[in-house]
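> sequence unknown, structure follows:
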């Protein structure tokens, strides 16, 4: 997004900053909606220095907006599947999905980097939520800040990543040697 457009969204109150999210943690008139996957929310899929979620956030994964929430997994396993499952649920079903939230309260939506949150925010507006805002920096910022509280806090496992990279590098080296041997044999 262009910086000018982002400034416009900030001025109109659509986008909230990390400081505004921090301040909202003590406000009873604000509800936080985390649209990341259940594993991200629980701190099992760590995509920042820390995993977990913002205290008090409610988790309704973005994929639950789709006719078939498992469409992405199915498509990855069978490339012949159609994309019909990615269609949005009917309005009545979306209203039911978000029935646990109060449409009259300010709702701050976040994900990891904000695309899922932005789509969900638009859907919430369409089904009657009055004051919907997007935490643009989302978990990519929040999870990397050690001065902010986190529920279900876990930490990124750098050792596991390093080990996996070393394993992959060995495999690449082996494949390159095999390719060189094939070229020599020809």
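Sure thing, it's come through. In this text the structure is predicted, and so the values were computed from the model without any measurement.
> for residue 32, helix, strand, or coil?
strand (DSSP: H, G, I helix; E, B strand; the rest coil).
> Next one: it from residue 183, what distance?
57 Å (CB to CB, to the nearest Å). For glycine as for every other residue, the C-beta is placed from the backbone atoms N, C-alpha and C.
> Could you find the closest non-adjacent residue to the residue nearest the centre of the chain?
For the chain, residue 111 is the residue whose C-alpha lies nearest the centre (CA atoms, centre = their mean; 3.1 Å). Distances taken as CB to CB, 6 or more residues apart in numbering place residue 117 nearest to residue 111, at 4.4 Å, with adjacent residues excluded.
> how does this structure divide into domains?
Following automatic domain parsing, one finds the domains of the chain at 3-155, 158-186.
> Just the element for the closest residue to residue 47 other than its chain neighbours, please.
Leaving aside its chain neighbours, residue 47 sits nearest to residue 112 (5.6 Å; criterion: CB to CB, 6+ apart). For residue 112, there is no enclosing helix or strand under DSSP states H and E.
> Tell me which other helices or strands the host helix or strand of residue 96 touches.
Assigned by DSSP H and E, residue 96 belongs to helix 91-97. Judged by 3 or more CB pairs under 8 Å, 6 or more residues apart in numbering; DSSP states H and E, helix 91-97 is in contact with helix 115-126.
> list the buried ones in the helix it packs on?
For helix 115-126, burial by neighbour count (16 or more other CB atoms under 10 Å) applies to 116-121, 123-124.
> what about residue 64, distance to residue 150?
Between residue 64 and residue 150 the computed distance is 23 Å (CB to CB).
> isn't residue 153 right next to residue 52, touching?
Yes: if you go by CB atoms under 8 Å, residue 153 and residue 52 touch, sitting 4.4 Å apart.
> Find residues that contact each of those two.
Shared contacts of residue 153 and residue 52 (CB atoms under 8 Å, 6 or more residues apart in numbering): residue 43.
> between those two, which one's more packed in?
For residue 153 versus residue 52, neighbours defined as other CB atoms under 10 Å are more numerous around residue 52 (23 against 13).
> hang on, that one in a strand?
Yes: Residue 52 forms part of a strand when assessed by three-state DSSP.
> OK, contacts around it?
Under the criterion of CB under 8 Å, 6+ apart, the neighbours of residue 52 are 41-43, 143, 150-154.
> Flag the helix or strand of this structure with the lowest per-element mean pLDDT.
helix 3-11 (a mean of 48; mean pLDDT, DSSP states H and E).
> helices and strands around the helix or strand following it, which ones?
Later in the chain than helix 3-11, the nearest helix or strand by DSSP H and E is strand 15-16. Using 3+ CB pairs under 8 Å, 6+ apart as the contact test, the elements touching strand 15-16 are strand 132-135.
> packing partners for the strand it packs on?
Using 3+ CB pairs under 8 Å, 6+ apart, strand 132-135 sits against strand 15-16, strand 106-110, helix 115-126.
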